[in-house]
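S.K.: Sequence and predicted model, in that order:
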2 protein chains.
Amino acid sequence: MSRYFTEQNSEESVNARMAASTDPRLAEVMTCLVKHLHAFAKEIQLTQAEWDYGIDFLTKVGQISSDERQEFILLSDTLGFSMLVDAINNRRPPDATENTVLGPFHVANAPLRQMGENICLDGKGEACLFEGRVIDLHGNPIEGAHVDVWSDNADGFYDVQQPGIQPKWNNRGIFVTGKDGKYCFVGIKPVSYPIPDDGPVGQMLSHLGRHPYRPAHMHYIVTAPGYEKVVTHTFVGDDKYITSDTVFGVKKTLVAPFEKIEGGETDWHSPFDFVLTPISED
Amino acid sequence: MSRYFTEQNSEESVNARMAASTDPRLAEVMTCLVKHLHAFAKEIQLTQAEWDYGIDFLTKVGQISSDERQEFILLSDTLGFSMLVDAINNRRPPDATENTVLGPFHVANAPLRQMGENICLDGKGEACLFEGRVIDLHGNPIEGAHVDVWSDNADGFYDVQQPGIQPKWNNRGIFVTGKDGKYCFVGIKPVSYPIPDDGPVGQMLSHLGRHPYRPAHMHYIVTAPGYEKVVTHTFVGDDKYITSDTVFGVKKTLVAPFEKIEGGETDWHSPFDFVLTPISED
């Protein structure tokens, strides 16, 4: 290899510079990153003007980010990168409940609720009874599972997006299963909403002719001692964005029934079981 | 293909979402970017913790950037990406002067100087006579070429890094060739210096066991009507960092002679000719 960087040896030049003492995993990740970054530029014959645009774009993505907004996560989400990393790290047996993205709106330590309680505190939206069981791969109920749920309100906003407007902990709660593994609560039938699209990622979507919407979904984190944590949603199947989720979060197995109830205590009924896998010992 | 994103179809899922009306070049660039981003995550089996680290790192790179500091350019530079893009866009015949990176310290509209003038205004450093010709590929002199030069001072800082400390336009100037194509000026023998390494890119270099130094160099932009602009440096060959420039800017053909002069008006003499290529008509 030449002592100096050339167009031909670019990848090797850069990767050869790493010290032998570099943490082995870091060395592996950086070597692979440089390989693909350089291959991208070479394959597409990136122009100087496109490089300038890219530098400016990434800078803006960083600069609009704050404690309340994470535009790099939005970028990762809208390029399918977040879902890919989620998929790589959460491969499960066919019958187990699949993961999907956490999203930016989870808040830890939501109030513990009694089974059957209503988590909708602002009185808006169509009431829906969510119920099912937390079970293992053999169908046995799991006692003491925590079902942490959250959704937007009927206007398409999470409580943390509207402090002072929505009641605190609106459409959030944690339910703990008993011996029968059952959970049930009343919430609203969630509605679709756009991710924040007034920044550089929104502009990117617009240039690509893509809408910024997520199909309606209820968020869940289900945990139980001895079992893998499940971070997931259930989706409303007839949502107009069900096949075009802007963050690619929908999986076929996560589309839940939403059944209209006439004359009941709630307008809708959505049954869904969570099937957990034991923590592997590797 | 499944209606929904899967680990297997991730690249196609994302790229299929682009509207048919997307600008063709943008579509090509984004398709290729998504392909390589996803291939990177799959090949390296990126973990969730590594993704978190990456999001945080990129956010910090954006947030430390300002009008005075561009950390994303530093990131691109230190990964060899800037030099690769420069190489792709500035392929030239073997005898022509090669390009290298512009760097962040060029300032437009430096003062026009008389041939032979001294651009070092702070009295520091070892004086060096820089001289040579601006010629075409056949060796013919080019009249009216602008030779825009700049370097750090003897302490390793550009004037714009030390406003109020260094005189304005210290070690900068523009020289215009006459009929003979000759240029000459007095500057200092430049010194090596570190790129700003107190931010996330400096931390990255440290984790990779890499130093942040650039070997000593004089910057040039050479322009003439009808010829391709040359953005380049000449390098001091005996610099300790000559084979480990942290931004990969060194090319063999850009290592210039720096000859020690005993008892002359300057301490050093550095001859170098700039060979320009005609603007292509494609």
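M.R.: In hand now; what should we look at? On a predicted model such as this, the values are computed, not experimentally measured, just so you know.
S.K.: Assign the residue in the stretch 51-200 of chain A that chain B sits nearest to to helix, strand or coil.
M.R.: Nearest to chain B, among the residues of the stretch 51-200 of chain A, is A:Gly62, at 1.1 Å (Cβ to the nearest Cβ). Just so you know, the C-beta spots here come from the backbone N, C-alpha and C atoms, and that holds for glycine as well. Secondary structure, DSSP: H, G, I helix; E, B strand; the rest coil: A:Gly62 is helix.
S.K.: Tell me where chain A has strands.
M.R.: A:127-136, A:146-150, A:172-176, A:182-188, A:193-194, A:213-214, A:217-223, A:230-236, A:255-256, A:259-260, A:268-271, A:274-276 (DSSP state E).
S.K.: circling back to that earlier point, right, and the residue of the stretch 51-200 of chain A closest to chain B touches A:Phe72 too?
M.R.: Yes. In this structure, A:Gly62 is within contact of A:Phe72 by Cβ atoms under 8 Å, at 6.9 Å.
S.K.: what is in contact with the two at once?
M.R.: B:58-59, B:62 (Cβ atoms under 8 Å, 6 or more residues apart in numbering or on different chains).
S.K.: how many other residues sit next to the one residue in the stretch 151-282 of chain A that gets nearest to chain B?
M.R.: Residue of the stretch 151-282 of chain A nearest chain B, by Cβ to the nearest Cβ: A:Gly209 (2.3 Å). Neighbour count of A:Gly209, defined by other Cβ atoms under 10 Å in any protein chain shown: 14.
S.K.: and if you look at the one 4 residues further on?
M.R.: The local packing of A:Tyr213 (other Cβ under 10 Å) involves 20 other residues.
S.K.: Verify the contact between it and A:Val247 for me.
M.R.: No. Counting by Cβ under 8 Å, A:Tyr213 stays clear of A:Val247, with 9.8 Å between them.
S.K.: any shared contact partners between these two?
M.R.: What both A:Tyr213 and A:Val247 touch, as defined by Cβ under 8 Å, 6+ apart, is the set A:Ile195.
S.K.: Contact partners for the most centrally placed residue in chain A?
M.R.: Centroid-nearest residue in chain A: A:Val101, 1.8 Å away (criterion: Cα atoms, centre = their mean). Neighbouring residues of A:Val101 by Cβ under 8 Å, 6+ apart: A:77, A:82-83, A:86, A:231, A:247, A:249.
S.K.: Tell me the one among the shared contacts of A:Gly62 and A:Phe72 nearest to chain A.
M.R.: Checking the shared contacts of A:Gly62 and A:Phe72 against chain A with Cβ to the nearest Cβ, the nearest one is B:Gly62 at 1.1 Å.
S.K.: what's near enough to touch the residue lying closest to the closest one once chain neighbours are set aside?
M.R.: Of all residues beyond its chain neighbours, the one nearest B:Gly62 is A:Gly62 (1.1 Å), with distances taken as Cβ to Cβ, 6 or more residues apart in numbering or on different chains. By Cβ under 8 Å, 6+ apart, the contact set of A:Gly62 is A:71-72, B:58-63, B:65, B:72.
S.K.: now do A:Gln63
M.R.: Listed by Cβ under 8 Å, 6+ apart, the contact set of A:Gln63 reads B:62-63, B:65.
S.K.: Within range of chain B, give me the residues from the stretch 51-200 of chain A.
M.R.: Neighbours of chain B within the stretch 51-200 of chain A, by Cβ under 8 Å from any Cβ of the partner chain: A:51, A:55, A:58-63, A:65, A:70, A:72-73, A:76, A:79-89, A:91.
S.K.: how many other residues sit next to A:Asp52?
M.R.: That count, for A:Asp52 with other Cβ under 10 Å as the rule, works out to 12.
S.K.: any idea how far it lies from B:Ile195?
M.R.: Applying Cβ to Cβ, to the nearest Å, the value for A:Asp52 to B:Ile195 is 19 Å.
S.K.: any weak-confidence spans in the stretch 1-150 of chain A?
M.R.: Under the criterion pLDDT under 70, the flagged ranges of the stretch 1-150 of chain A are A:1.
S.K.: try 80 this time
M.R.: Along the stretch 1-150 of chain A, the parts satisfying pLDDT under 80 run over A:1-2.
S.K.: all helices for it, in order.
M.R.: Using DSSP state H, counting those that start in this stretch, the helices of the stretch 1-150 of chain A run over residues A:10-16, A:24-44, A:48-64, A:71-78, A:81-89.
S.K.: and the longest one, which residues are buried?
M.R.: Looking back up the chat, that one is helix A:24-44. Residues of helix A:24-44 classed as buried: A:27, A:29-42, A:44 (neighbour count, 16 or more other Cβ atoms under 10 Å in any protein chain shown).
S.K.: How far off centre is it?
M.R.: Its chain's C-alpha centre and that of helix A:24-44 lie 26 Å apart, by Cα atoms, centre = their mean, to the nearest Å.
S.K.: and if you look at the fourth one?
M.R.: The gap between where helix A:71-78 is centred and where its chain is centred comes out at 11 Å by Cα atoms, centre = their mean.
S.K.: Then the shortest one?
M.R.: Averaging C-alpha positions (Cα atoms, centre = their mean) puts helix A:10-16 35 Å from its chain's average.
S.K.: now swap in the last one and tell me
M.R.: Centroid separation between helix A:81-89 and its chain, computed with Cα atoms, centre = their mean, is 10 Å.
S.K.: Any buried residues in it, and which?
M.R.: A:81-88.
S.K.: Could you list every helix and strand that that helix packs against?
M.R.: helix A:71-78, helix B:10-16, helix B:24-44, helix B:48-64 (3 or more Cβ pairs under 8 Å, 6 or more residues apart in numbering or on different chains; DSSP states H and E).
S.K.: Apply 7 Å and report the result again.
M.R.: Here helix A:81-89 touches helix B:24-44, helix B:48-64, going by 3 or more Cβ pairs under 7 Å, 6 or more residues apart in numbering or on different chains; DSSP states H and E.
S.K.: Run through who's touching the longest one.
M.R.: It stands for helix B:24-44. A:28-29, A:32-33, A:36, A:39-40, A:43-44, A:50, A:79-81, A:84-85, A:88, A:207-208, B:10-11, B:14-15, B:18 (Cβ atoms under 7 Å, 6 or more residues apart in numbering or on different chains).
S.K.: ok, how many other residues are close to A:Lys179?
M.R.: Applying other Cβ under 10 Å, I find that A:Lys179 has 9 neighbouring residues.
S.K.: Show me where the stretch 151-282 of chain A dips below the pLDDT cut-off.
M.R.: In the stretch 151-282 of chain A, residues with pLDDT under 80: A:281-282.
S.K.: can we see that at 70?
M.R.: Checking the stretch 151-282 of chain A against pLDDT under 70 turns up A:282.
S.K.: Would you enumerate the residues in contact with the residue nearest to A:Ser21 when sequence neighbours are not counted?
M.R.: Leaving out its chain neighbours, the residue that sits closest to A:Ser21 by Cβ to Cβ, 6+ apart is B:Gly209, at 5.5 Å. B:Gly209 makes contacts with A:18-19, A:21-22, as judged by Cβ under 7 Å, 6+ apart.
S.K.: And A:Pro104, by the same measure?
M.R.: Applying Cβ under 7 Å, 6+ apart to A:Pro104 gives the contacts A:70, A:73.
S.K.: try 6 Å this time
M.R.: Contact partners of A:Pro104, counting by Cβ atoms under 6 Å, 6 or more residues apart in numbering or on different chains, are A:Gln70.
S.K.: gap between it and B:Arg210?
M.R.: Distance from A:Pro104 to B:Arg210, by Cβ to Cβ: 34 Å.
S.K.: Please apply the same query to A:Phe81.
M.R.: Relative to B:Arg210, and taking Cβ to Cβ, A:Phe81 is found at 26 Å.
S.K.: likewise A:Pro167?
M.R.: With Cβ to Cβ as the criterion, A:Pro167 and B:Arg210 are 52 Å apart.
S.K.: between the two, who's got more neighbours?
M.R.: Higher neighbour count among A:Pro167 and B:Arg210: B:Arg210, with 19 against 14, using other Cβ under 10 Å.
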